[in-house]
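Asker: Fold the stuff below for me.
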Amino acid sequence: MSYSLESCPSSRPPAAVAEPSSAPLSGPVELYAERTEAEPVVYVPDAYGRMVPVRRSQADALIAAIPATLPRDLTPRPLIDSRAQIVLAGGLGTGAAAAGVGYGLGQILAPLAAVATSGTLWVLALAAVLASAVRRTPTRTTYVTNNHIHARWWGRAHAANR
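Answerer: Below is the predicted model of the structure:
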C-alpha cells in the first residue's frame, strides 16, 4: 500500500504524540520546539492503522524498507480460459464436420443400398420364375379308374372296377 508523503502543517501536535508512552525512553530527547532544522513532518500509518507523525527523511527510509505493493489489474477476465475456448471450439467444429460427413454419406449410400436390395430380390424372383418354367414340361402318365356300382334289391350292391 502506498501513501502520499505530502507535508502537513505541524502547528499543533497530533493526538498520537500527546499519548503518554508506557515504556521509558532512552537516549537524547528532542523536543518539538528545540528542533534545529525545519524538516517537514508527514503522517504514516503504524501497525495498528493509526496515523503517526514521522519526519520526511525517516518516512523515506521506511518506504524504502517496505516497498509499496503494485496495483492489481482489475480488468474483467473471461469466465473460460481463452485456450480452453479454442480447444472447445475445435472439438465442436470437428464433431459438427464429422456429423455432416456422416449424414451426407448416409444420404448417398441409402439409395445404393435400396437399389442393391431390391435388385437382389428381382434377381431371385426371376430365378424362381425360370425354375418353375423349366419344370412345366412334365412326363406325365394318365391313369383312368372307373368304379361301377350295381345296386340290387334289398340293399345288395355289387362294385366292379373297370
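Asker: and His148, which of the three is it?
Answerer: In terms of secondary structure, His148 is strand; the call rests on DSSP: H, G, I helix; E, B strand; the rest coil.
Asker: what's the helix or strand for Val54?
Answerer: Per DSSP states H and E, Val54 falls inside strand 51-55.
Asker: Please name every helix or strand in contact with that strand.
Answerer: helix 15-18, strand 41-45 (3 or more Cβ pairs under 8 Å, 6 or more residues apart in numbering; DSSP states H and E). (C-beta placed from N, C-alpha, C; glycine too.)
Asker: Can you list the buried residues in the helix or strand that that strand is followed by?
Answerer: Later in the chain than strand 51-55, the nearest helix or strand by DSSP H and E is helix 56-65. For helix 56-65, a neighbour-count test (16 or more other Cβ atoms under 10 Å) marks Ala59 as buried.
Asker: For the remainder of this discussion, apply numbering that starts at 27.
Answerer: Sure thing, new numbering starts at 27, so read that last one as helix 82-91.
Asker: Report all helices and strands that helix 82-91 contacts.
Answerer: If contacts are counted by 3+ Cβ pairs under 8 Å, 6+ apart, helix 82-91 sits against strand 67-71.
Asker: same question for the strand it packs on, mean pLDDT?
Answerer: Average pLDDT, strand 67-71: 84.
Asker: okay, the angle between that strand and strand 77-81?
Answerer: Strand 67-71 and strand 77-81 are oriented at 140 degrees to each other (axes from the mean of the first three to the mean of the last three Cα atoms, to 10 degrees).
Asker: so what strands line up beside strand 67-71?
Answerer: Strand 67-71 sits in its sheet next to strand 77-81 (antiparallel), going by DSSP bridges.
Asker: can you pull out the strands in the protein?
Answerer: 67-71, 77-81, 173-177, 183-187 (DSSP state E).
Asker: Show me what counts as buried in the strand holding Val80.
Answerer: Pro79, Val80.
Asker: I'd like to check the angle between that strand and helix 82-91, please.
Answerer: Using the same axes, to 10 degrees: strand 77-81 against helix 82-91 is 110 degrees.
Asker: Can you pull the poorly scored residue ranges out of the protein?
Answerer: Applying pLDDT under 70 to the chain picks out residues 27-51, 56, 58-63, 89-90, 93-94, 162-164, 188.
Asker: 90 instead?
Answerer: For the chain, applying pLDDT under 90 flags the ranges 27-119, 121, 132, 134-147, 155-188.
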